[in-house]
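1. the sequence and its predicted three-dimensional model are supplied below.
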Amino acid sequence: MTPDDVRAVALALPEVTEGDHHGKRAFRLGTRILATQWTDAQLNVMLDESEARAAEGGPCALLWWGKRLSGVRVDLAAATPGLVTELLEDAWSRCAPARLVRERGTPPTTEA
């Protein structure tokens, strides 16, 4: 997947915006970061611990912020569009207010 492919998937999610995060492209829902495009080949997706551990393997490596597991680092050259879409949707569902979840018909997830 290319950065433009990632951008299209992320911005197709309700109320997601694109902006800067420490000089990198970031996708947010309100003030919450869903993902950062760290390089053209790497996407960091913010997930809770159970989602991150479930996604680990293949193109996904665990992403640590200090001692805290904060999501997965995705190798875009090895990732399928379906995987990236699923991860971004999981991150969106985790951050979305109940109103948006209901409108989209996505079952809510709980944050650890």
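-> Thanks, I have it.

2. output the least confident helix or strand in the chain by mean pLDDT as PDB, restricted to C-alpha atoms.
-> Ranked by mean pLDDT, DSSP states H and E, the weakest helix or strand in the chain is helix 98-104, scoring a mean of 84. The C-alpha coordinates for helix 98-104 follow below in PDB (Å, rounded to 0.1, in the frame of the first residue of the first chain):
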ATOM      1  CA  ALA A  98     -21.300   6.300  20.600                       C
ATOM      2  CA  ARG A  99     -23.200   8.600  18.200                       C
ATOM      3  CA  LEU A 100     -20.700   7.800  15.400                       C
ATOM      4  CA  VAL A 101     -20.600   4.100  16.200                       C
ATOM      5  CA  ARG A 102     -24.400   4.000  16.000                       C
ATOM      6  CA  GLU A 103     -24.500   5.900  12.700                       C
ATOM      7  CA  ARG A 104     -21.900   3.700  11.100                       C
END
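
3. can you list the buried residues in that helix?
-> Buried positions in helix 98-104, judged by neighbour count with 16 or more other C-beta atoms under 10 Å: 100, 101. Quick note: C-beta positions are derived from backbone N, CA and C, even for glycine.

4. could you do stretch 67-85 as well?
-> For stretch 67-85, using 16+ other C-beta under 10 Å, the buried residues are 69, 70, 71, 72, 73, 74, 76, 79, 83, 84, 85.

5. what's the end-to-end length of that stretch?
-> Criterion C-alpha to C-alpha, to the nearest Å; first-to-last residue distance in stretch 67-85 is 27 Å.

6. would you list the buried residues of stretch 67-85 in CSV and tack on secondary structure, distance to residue 105 and pLDDT?
-> Shown next, in CSV, are those (DSSP: H, G, I helix; E, B strand; the rest coil; distance: C-beta to C-beta, whole Å; pLDDT from 0 to 100):
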residue, secondary structure, distance to residue 105, pLDDT
69, strand, 29, 94
70, strand, 27, 93
71, strand, 24, 96
72, strand, 25, 97
73, strand, 29, 97
74, strand, 25, 97
76, coil, 28, 96
79, coil, 25, 96
83, helix, 21, 97
84, helix, 21, 97
85, helix, 16, 96
